[in-house]
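# fold the stuff below for me.
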Amino acid sequence: MLLCRPNFLFFWISKQRLNFHFFSTLPNPRLPPPFSSLPPTPGITQIKQAHARILVLGLANDGRITSHLLAFLAISSSSLPSDYALSIYNSISHPTVFATNNMIRCFVKGDLPRHSISLYSHMCRSFVAAPNKHTLTFVLQACSNAFAIREGAQVQTHVIKLGFVKDVFVRNALIHLYCTCCRVESAKQVFDEVPSSRDVVSWNSMIVGFVRLGQISVAQKLFVEMPEKDVISWGTIISGCVQNGELEKALDYFKELGEQKLRPNEAILVSLLAAAAQLGTLEYGKRIHSIANSLRFPMTASLGTALVDMYAKCGCIDESRFLFDRMPEKDKWSWNVMICGLATHGLGQEALALFEKFLTQGFHPVNVTFIGVLTACSRAGLVSEGKHFFKLMTDTYGIEPEMEHYGCMVDLLSRAGFVYDAVEMINRMPAPPDPVLWASVLGSCQVHGFIELGEEIGNKLIQMDPTHNGHYVQLARIFARLRKWEDVSKVRRLMAERNSNKIAGWSLIEAEGRVHRFVAGDKEHERTTEIYKMLEIMGVRIAAAGYSANVSSVLHDIEEEEKENAIKEHSERLAIAFGLLVTKDGDCIRIIKNLRVCGDCHEVSKIISLVFEREIIVRDGSRFHHFKKGICSCQDYW
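Have a look, this model is predicted:
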């Protein structure tokens with residue numbers, strides 16, 4: 001989960017891509033003295049000083065002067081008090097289209113898009129000034145900001161009636177409106193109507209529209225067809241790939257961007273750091289960090305947060321904390337990322353201490369903050385603390401618990417052996433529980449020996465979601481623990497009959513400039529022979545260190561030797577064997593797993609870290625495990 005500020009990537013792109021026709025609001029180069037000293041984008045204080053000079057000179061009733069004052073407010077670098085702009089507009093006895101256009105823009109800038117739409121409606125009814133193409137562009141932007149699709153469609157009829165169908169700026173505003181309101185087919189219709197009236201902004205807007213709907217393949221097709229691409233185009237497709245899970249494709253696009261000799265922008269770097277974080281590719285993340293430094297990007301809250309998140313998710317929690325402590329500016333998302341990073345590394349007390357500091361800095365926690373806090377309690381077994389913070393969240397901060405919060409609490413209680421308390425919490429939930437919550441309890445029933453309860457919950461889960469393979473597997477493990485092989489066989493037959501969806505386990509390791517993926521029993525890698533020879537060496541050395549296989553996770557009534565052969569070919573062992581082959585002595589081996597590590601592989605990883613004198617960092621589907629000198633950072637609590 002990427003915990004940077006919400007929708008930062010698309011917000012940045014949207015802000016950049018609409019090159020509205022500003023010429024209607026730029027002041028006349030022959031401006032009177034009150035404006036001659038103003039910079040191109042003045043702040044509100046400078047504008048008010050110019051206003052004061054206008055009053056002193058007795059020019060307050062000059063409509064041309066006050067209209068230009070509105071124009072400066074519309075392009076001001078400061079946040080805009082709309083009531084101030086409106087008072088200026090109302091002082092104009094006969095507002096021109098120029099003045100009205102700028103007032104519409106002021107409302108949009110002041111986050112009052114509905115006021116812009118109302119002013120446009122009044123403009124059309126009063127016939128004081130006929131709308132021009134700039135008016136239509138600005139009011140369509142207001143419709144986009146207000147998600148006012150009905151009003152926007154009405155404005156489109158005015159576009160046709162007034163003869164601005166071929167104006168590229170108006171067309172871009174229409175495309176943006178429909179894409180913002182998830183009417184991408186309507187946007188595509190506008191896009192296709194007049195191919196000669198399209199520019200790079202038109203293409204970028206369409207690509208974003210399809211990306212937002214998750215239609216990444218259509219977006220990629222449009223990207224290939226673009227006659228001209230700018231850095232926004234590349235940023236859009238890269239962030240789109242990241243948002244839709246095509247992480248490695250995003251990295252490929254960035255390589256192409258470099259071949260085009262284009263300078264990446266901040267949004268692209270944030271997207272790529274998110275991809276590196278999700279893939280766990282530390283070397284790639286470091287490369288992006290190096291690029292940001294070499295191009296002298298300022299360490300904004302967005303970029304800093306993305307870097308903190310990347311290092312945390314790639315297993316470098318110390319580097320993550322180092323960067324966090326030195327960020328020149330932090331927002332609440334920066335703190336949330338750091339709290340969650342510490343939590344997933346099992347540093348519960350550190351995460352809670354950072355949360356307390358977060359509060360003393362004057363930040364107000366949000367729902368994701370407490371997900372981090374409760375996760376920290378769960379990973380460290382801090383039951384009383386977890387109960388305290390769950391109550392604090394609801395009673396003090398008025399945050400209604402969501403499924404993720406209940407999930408953290410159920411996980412906390414069931415891991416710690418309070419299985420019936422976890423069941424009680426699920427039964428008290430106001431909304432129907434997610435099957436994941438019951439699955440969490442089922443796993444703990446297996447660990448803590450609540451066999452009858454586990455059988456009851458396992459059957460309940462199969463009824464709730466008969467296509468989920470994991471529920472059958474967990475129930476089968478309950479029976480396997482009791483050596484009830486006939487029941488195991490029944491569950492497996494039922495799983496096959498219902499054609500359940502099996503989640504394939506895999507492990508990733510970044511080495512030799514690329515990502516290598518392994519599944520259990522994998523024989524597809526080009527160095528398979530060497531990998532299996534290394535597996536044999538690993539087996540001999542860990543056996544000499546006292547290792548004895550725990551085959552309880554193998555769900556077949558087969559001989560012990562066959563079970564040991566099955567378990568030693570688990571994906572993470574293949575990845576570790578490959579890591580031992582391709583890394584230098586003493587180097588850390590980093591593994592990413594999509595599923596939770598099994599008990600036997602956890603024990604094996606500890607012994608390997610001791611006998612091979614290597615640190616092994618594994619990010620599984622639940623948390624981070626740092627294996628070093630025969631010990632795991634989770635203290636065998638996972």
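
# other SSEs contacting the one helix or strand P34 maps to?
With secondary structure defined by DSSP states H and E, P34 is part of helix 33-36. Counting contacts by 3 or more Cβ pairs under 8 Å, 6 or more residues apart in numbering; DSSP states H and E, helix 33-36 packs against helix 44-56, helix 63-74. (C-beta placed from N, C-alpha, C; glycine too.)

# which elements pack onto the longest one?
Under the contact criterion of 3+ Cβ pairs under 8 Å, 6+ apart, the helices and strands touching helix 44-56 comprise helix 33-36, helix 63-74.

# before we move on, back to that, buried deepest among the helices and strands packed on helix 33-36, which one?
Compared across the helices and strands packed on helix 33-36, helix 63-74 shows the largest average neighbour count, a mean of 22 (mean count of other Cβ atoms under 10 Å).

# roughly how far does G341 sit from A306?
In this structure, G341 and A306 are separated by 12 Å, where distance is defined by Cβ to Cβ, to the nearest Å.

# same thing with F479?
The spacing between F479 and A306, counted by Cβ to Cβ, is 46 Å.

# show me which of the two is the more surrounded one.
Comparing F479 with A306 by neighbour count (other Cβ atoms under 10 Å), the higher total belongs to A306, at 33 against 22.

# wait, a helix at that one?
Yes: counting by DSSP: H, G, I helix; E, B strand; the rest coil, one finds A306 located in a helix.

# rewinding a little: now tabulate the helices and strands packed on helix 33-36 in JSON lines and tack on mean pLDDT.
Output for the helices and strands packed on helix 33-36, formatted as JSON lines (pLDDT from 0 to 100):
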{"stretch": "helix 44-56", "mean pLDDT": "87"}
{"stretch": "helix 63-74", "mean pLDDT": "88"}
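
# of these, which is nearest T394?
The minimum distance between T394 and these falls on helix 44-56, with 40.4 Å, by Cβ to Cβ.

# how far out from the middle of the chain is the closest one?
Averaging C-alpha positions (Cα atoms, centre = their mean, to the nearest Å) puts helix 44-56 44 Å from its chain's average.

# distance check, K387 against M393.
The separation that K387 has from M393, given Cβ to Cβ, amounts to 11 Å.

# over to L359?
L359 sits at a distance of 12 Å from M393 (criterion: Cβ to Cβ).

# stretch 391-399: end-to-end distance?
10 Å (Cα to Cα, to the nearest Å).

# contacts for that stretch next, please.
Residues external to stretch 391-399 that are found in contact with it (Cβ atoms under 8 Å, 6 or more residues apart in numbering): 364-367, 370, 400-401, 405.

# so which of those are in helices?
Those of those mapping onto helices are 367, 370, 405, per DSSP state H.

# and the residues you listed, which of them are buried?
Burial of the ones in helices among the contacts of stretch 391-399 was assessed by neighbour count (16 or more other Cβ atoms under 10 Å); the buried members are 370, 405.

# redo the ones in helices among the contacts of stretch 391-399 as TSV? Include distance to D487 and pLDDT.
Formatted as TSV, the entries for these read as follows, by distance: Cβ to Cβ, whole Å; pLDDT from 0 to 100:
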residue	distance to D487	pLDDT
N367	41	94
F370	40	96
H405	35	95
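
# any chance of the ones in helices among the contacts of stretch 391-399 in TSV, with distance to R212 too?
Shown next, in TSV, are these (distance: Cβ to Cβ, whole Å):
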residue	distance to R212
N367	23
F370	28
H405	28
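
# hang on, S622 is in a helix, isn't it?
No: assessed with three-state DSSP, S622 is coil; it does not lie in a helix.

# surely it and R596 touch.
Yes: judged on Cβ atoms under 8 Å, S622 makes contact with R596 at a distance of 4.9 Å.

# who has more neighbours, those two?
Summary of the neighbour comparison: S622 and R596, criterion other Cβ under 10 Å, with S622 having more neighbours (19 against 14).

# from F164, how far out is that one?
Distance from S622 to F164, counting by Cβ to Cβ: 57 Å.

# where in this protein is pLDDT low?
By pLDDT under 70, the low-scoring segments of the chain are 1-33, 80, 127-128, 498-503, 550-566, 638.

# tell me which stretches of it form strands.
Assigned strands in the chain, in chain order: 506-511, 514-519, 589-593, 616-619, 624-628, 631-632 (criterion: DSSP state E).

# what's the closest of those strands to V184?
With Cβ to Cβ as the criterion, V184 lies closest to strand 514-519 of the strands of the chain, at 32.2 Å.

# against which helices or strands is that closest one packed?
Under the contact definition 3+ Cβ pairs under 8 Å, 6+ apart, strand 514-519 sits against strand 506-511, helix 571-582.

# contacts made by stretch 471-480 with the rest, please.
When contacts are taken as Cβ under 8 Å, 6+ apart, the neighbours of stretch 471-480 outside the stretch itself are 435, 439, 442-443, 445-446, 451, 454-455, 458-459, 461-462, 465, 485, 487-488, 491-492, 494-495, 500, 552-555.

# likewise stretch 201-211?
Contacts made with stretch 201-211 from outside it, assessed by Cβ under 8 Å, 6+ apart, are listed as 10, 13-14, 17-19, 168, 171-172, 175-176, 178-179, 184, 187-188, 191, 216, 218-219, 222-223, 226, 230, 232-233, 236-237, 239-240, 243-244.

# off-centre distance for that stretch?
So, by Cα atoms, centre = their mean, the centroid of stretch 201-211 is 20 Å from its chain's centroid.

# same thing with stretch 84-92?
On Cα atoms, centre = their mean, the centre of stretch 84-92 falls 42 Å from that of its chain.

# picking that back up, distance to I160 added to the helices and strands packed on helix 44-56, as a markdown table?
Compiled in a markdown table, those are given as follows (distance: least, Cβ to Cβ, whole Å):
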| stretch | distance to I160 |
| --- | --- |
| helix 33-36 | 37 |
| helix 63-74 | 27 |
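
# nearest to L295 among the ones you listed would be which one?
Proximity to L295 (Cβ to Cβ) singles out helix 63-74 among these, at 31.9 Å.

# longest single helix anywhere in this protein?
Longest helix in the chain by number of residues, with DSSP H as the criterion: helix 528-544.

# okay, the angle between that helix and strand 514-519?
Using axes from the mean of the first three to the mean of the last three Cα atoms, to 10 degrees, the interaxial angle of helix 528-544 with respect to strand 514-519 works out to 70 degrees.

# show me what helix 528-544 is packed against.
Packed against helix 528-544 by the contact rule (3+ Cβ pairs under 8 Å, 6+ apart) you find helix 571-582, helix 599-611.

# nearest to G152 among these would be which one?
Proximity to G152, assessed across the helices and strands packed on helix 528-544 by Cβ to Cβ, is greatest for helix 571-582 (50.8 Å).
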